[in-house]
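Trainee: Below are the sequence and a predicted model for it; my questions follow.
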Amino acid sequence: MTSAKIHPADAGPQLLAGAVAGRGVLVARLALTDPKGGPVCATVRPPLVRWELVPD
């Protein structure tokens, strides 16, 4: 079994501050397969993961 690791700190200070202040939910969006169709594993960093603050 493989696993992808994401780090919320990669979202950046503005998104993290917004999430802590309750202005939304921090969401990470990423594909679970690599360009060759294999599973994503190891640490996944932007631009392969997109962080956003979504209103709750």
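Mentor: Nice, I can see it. Residues are numbered from 1 along each chain as shown.

Trainee: what residue ranges in the protein are flagged as low confidence?
Mentor: Along the chain, segments meeting pLDDT under 70 span 1.

Trainee: now the helices: where do they sit in it?
Mentor: 13-20 (DSSP state H).

Trainee: What segments of it are strands?
Mentor: 4-5, 25-30, 42-43, 49-54 (DSSP state E).

Trainee: Can I get those strands in a markdown table including mean neighbour count?
Mentor: Backbone N, C-alpha and C define where each C-beta goes, glycine included. Conversion of the strands of the chain to a markdown table gives the following (neighbours: other Cβ atoms under 10 Å):
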| stretch | mean neighbour count |
| --- | --- |
| strand 4-5 | 14 |
| strand 25-30 | 14 |
| strand 42-43 | 10 |
| strand 49-54 | 15 |
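
Trainee: and of those strands, who's closest to residue 15?
Mentor: Residue 15 sits nearest to strand 49-54 of all the strands of the chain, at 5.1 Å, using Cβ to Cβ.

Trainee: what's the spacing between the closest one and its chain's center?
Mentor: 6 Å (Cα atoms, centre = their mean, to the nearest Å).

Trainee: who does that strand touch, helix- and strand-wise?
Mentor: helix 13-20, strand 25-30 (3 or more Cβ pairs under 8 Å, 6 or more residues apart in numbering; DSSP states H and E).

Trainee: And the strands of the chain: which comes nearest residue 14?
Mentor: Comparing the strands of the chain by Cβ to Cβ, strand 49-54 comes nearest, at 8.5 Å.

Trainee: picking that back up, and residue 4, which of the helices and strands packed on strand 49-54 is closest to it?
Mentor: Of all the helices and strands packed on strand 49-54, strand 25-30 comes closest under Cβ to Cβ, at 7.0 Å.

Trainee: angle of that closest one against helix 13-20?
Mentor: Relative orientation of strand 25-30 and helix 13-20, computed by axes from the mean of the first three to the mean of the last three Cα atoms, to 10 degrees: 130 degrees.

Trainee: excluding its backbone neighbours, what's nearest residue 44?
Mentor: Nearest-residue entry for residue 44: residue 4, 4.9 Å, with adjacent residues in sequence omitted and distances by Cβ to Cβ, 6 or more residues apart in numbering.
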